[in-house]
Each structure stands twice: as structure tokens, then as C-alpha cells.
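> test case, fold it:
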Amino acid sequence: MTAGLTFHGTATFVERPRPKRNSAARLFFGSLGSAALTLSAGAVLLLAMPRLIQWGVLDAVWQGDGAACREASGACWAFLRAKLRQITFGIYPPEQQWRPLLAMVLVFGAILWSLPPRNWGRSLLPIWTAAASAFFILMQGGLFGLTPVPTAYWGGLPVTLLLAVVALGVGFPFGVVLALGRRSTLPVPRLLATGLIEIIRGLPLISLLFMSSIMLPIMLPDGMAIDKLARAAVALTIFSAAYLAEIVRGGLQAVSPGQSEAARALGLGWGQAMGLIVLPQALRKVIPMLTNTVIVMVKNTALVLVVGLFDLLSSGKSALADPAWPSPFAETYLFIAAIYFTICFGISRYSAFLERRAGEADAR
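Numbers count the residues shown, from 1 in each chain. Model (predicted):
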């Protein structure tokens, strides 16, 4: 389709050409450099693949115990079968591990419900409130006849999921508020938002985790204590909010000032103009940057290992300490990496869907 003009009464609209999709041949062999990289990667794969197949499939141990793995020269997948529950749920009481499994199913269900744009409405708040309440009731216990389980025994994938959802779910609206505060014409909110953003962005996440885990309890009054998992969640939330705020601020700056002026001309107040006109356009412009930050924050949850929390990576590391097995590090970390990759790849594909949807809306 070629670009053209369409007239409707006295208005003139420009028809934008649809973007061309690159074929696989054009993507991998479109230039001399691309062809060289493709051929080099293919040669490396051809050389490495036979050894990987020999190690991971032909010589691998799929069933058995630690003695069988010690005698074999291939991968010890039997270790993952034996330690799957420990890697997934950490040191959560084995007889109660159905509870974190059900809790994760509920949260993943709420996430899947939230993905289609047609579900973006007032129903999201009660659904997430119910899912979050059920998650904490199942994990913590003490209600409905459930055995109490302190957060010190939480671990594995539920903790990783909890930290990621809290850091992003709470950090995003907090980041939007910080972005609006930094762009405010009022000096006090602008200075407070700017100071918080710059301080948090100037510190490594590990330092924030150490401060929340070690320094904060020292500064609290005697007899007052805050749960370690809650302190780590707060540190991750503040860290993500600072980075998300700068992304949102960039999107707000990319929106034409004429949008706000037109909203005021229609009689809309500042809140209505920002929520209905300016902010949706700003967020649509920064979808790739938001996606990158979301993926980084999902992976950053693994850093809670340094403050003694049993996330997915920590649970895998603790499973390797069993002396009955030959400590198959490669197999364990490949399994954990596959879980992280599945989550992050899903986020990336969802972002691509939102970008295509936004592009189609702009073309209409």
C-alpha cells in the first residue's frame, strides 16, 4: 500500500503505509555482516551440538540415585527429578507444599486474566485483591485450619513470584507518581521526587537490600521488628519505582503539549487530562523500555540470595548441598535458567503484542 490522502468533508487524513515485515532470509542474510554472523553461529552450533546431545541425552542419567550419576559421564537429570520439590518450594514444609502450588496457580491465573486489553477495567482491582489475599492466606496459614508457616520457611518459585509481582505491581503506580512529581511546576513535589529518584538510581540494588536487611533493624526501636521478606520487597519496590519513573517521564515528555491544551479547551481538569489523554499516550510510547525494566526486575529478584532469602536460585543452591548426589551444578542452573527464560520470554512476546496493537491503533 502506498501512502495517500483521504478527504472527509473539510478534513484531510494521511494514510500511512503499513510497515514491512522482514523475512527470515532477509533477517539472517540481508547483508554481508548478517550472513557472516549467521554462518559463524551455525558453525559453532554444528561443532557443539553433537557433544551437547551426547552429554545431555545419550549418556545422561534419567533415573536412579547419586551413585548412578557418579558412574555416568553425562548429565544427571535424575537429580532434578529427586529435588524438584525442594528447588520449586525451598524449605517449605513438604506435607504443606500443596499450598504454595495453589497460591502460584491463583497468581498466574490473575496475571493471565490481566493480559487481554479487554479486561483492563475496574474488575482488575477486586481480582488482584482476591488473588493476593488468597496467596498470603495459603502461604502464611493460621486461618481456615491451615497450619501457620513463618516467612522464614518460604522459598523457591513462590518467593520469586511474590517479589516480582510486588516490586512491579506496587512500583509502577509509585513510579508514575514520581514521574508526575518530577515534572510538576510546584517546587516541593519536584524536589522531593527528583531527590528520591536520583538517590535510588545512584545506589546498587545490593546496597539497598543490605540496608533494608541489616541497617534498618538496627535503627528500629527496641521490640519493633519488620519481616525480612517484607523489607526485601520494599527495597525492590522502591528500586523499580525509581527506574520506572524515569521511563514514564520520558514518555510524558514525548507527548505534544498540544494534547494537554486541547484537553483544557474541552473543559477537562488536570487529573482527567492526565489520566484519559496524556498518560495513555505516554505509556504507549515507552512500551519497549518498560518491558526491559520489567524483565530486569524479574531477574533482579535473584539478588535476595545475598540477604538470606530462599528464592528460586537459593533453593537450587541449597539442593546442591546434598552429599548423596554429585552436585550437578550445570543441570540445576540450566533448569533454573529455563524457568527465568520462560517468564522473561513471555513478557517479551506480550510486549511485542502491545506494540503491534499500538501501531495498528496509530495507523487507523
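> for the strand or helix carrying P50, which positions count as buried?
Element membership for P50, per DSSP states H and E: helix 32-53. For helix 32-53, a neighbour-count test (16 or more other Cβ atoms under 10 Å) marks nothing as buried. For the C-beta atoms, the positions are set from N, CA and C on the backbone; glycine is no exception.
> which residues of this protein score low on pLDDT?
Scanning the chain for pLDDT under 70 picks out the ranges 1-25, 27, 361-364.
> if we can go back for a sec, how far out from the middle of the chain is the helix holding P50?
31 Å (Cα atoms, centre = their mean, to the nearest Å).
> and what of stretch 348-364?
The offset between the C-alpha centroid of stretch 348-364 and the centroid of the whole chain comes to 19 Å, using Cα atoms, centre = their mean.
> buried residues, that stretch. List them.
In stretch 348-364, the ones that count as buried by 16+ other Cβ under 10 Å are S351, L354, A358.
> just the ones of those in helices?
Mapping the buried residues of stretch 348-364 onto helices (DSSP state H) picks out S351, L354, A358.
> could you dump those to JSON lines with distance to G175?
Output for these, formatted as JSON lines (distance: Cβ to Cβ, whole Å):
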{"residue": "S351", "distance to G175": "17"}
{"residue": "L354", "distance to G175": "18"}
{"residue": "A358", "distance to G175": "20"}
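> and of those residues, the nearest to K299?
S351 (15.5 Å; Cβ to Cβ).
> so the closest one is in contact with V286, correct?
No. Here S351 does not reach V286: they are 10.9 Å apart, not a contact under Cβ atoms under 8 Å.
> returning to that earlier point: need the residues that contact the helix or strand that the helix holding P50 is followed by.
As assigned by DSSP H and E, the chain's next helix or strand after helix 32-53 is helix 66-71. Identification of contacts with helix 66-71 by Cβ atoms under 8 Å, 6 or more residues apart in numbering yields V61, C76, A78, F79, D322, A324, W325, P326, P328.
> so how far is helix 66-71 off the chain centroid?
With Cα atoms, centre = their mean as the basis, helix 66-71 stands 37 Å off its chain's centre.
> CA atoms only for it, dumped as PDB, please.
Taking C-alpha atoms only, helix 66-71 is exported to PDB below (Å, rounded to 0.1, in the frame of the first residue of the first chain):
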ATOM      1  CA  GLY A  66      23.600 -40.300  43.300                       C
ATOM      2  CA  ALA A  67      25.700 -43.400  42.800                       C
ATOM      3  CA  ALA A  68      24.400 -43.800  39.200                       C
ATOM      4  CA  CYS A  69      25.200 -40.200  38.500                       C
ATOM      5  CA  ARG A  70      28.700 -40.600  39.800                       C
ATOM      6  CA  GLU A  71      29.400 -43.500  37.500                       C
END
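> what residues sit buried inside it?
For helix 66-71, by 16+ other Cβ under 10 Å, it's G66, C69.
> neighbours around D65, how many?
Using other Cβ atoms under 10 Å, D65 has 14 neighbouring residues.
> is it in contact with A324, as I believe?
Yes. With contacts counted by Cβ under 8 Å, D65 reaches A324, the gap being 7.1 Å.
> just say helix, strand or coil for the spatially most central residue of the chain.
Closest to where the C-alpha atoms of the chain average out (Cα atoms, centre = their mean) is V298, at 3.6 Å. Following DSSP: H, G, I helix; E, B strand; the rest coil, the label given to V298 is helix.
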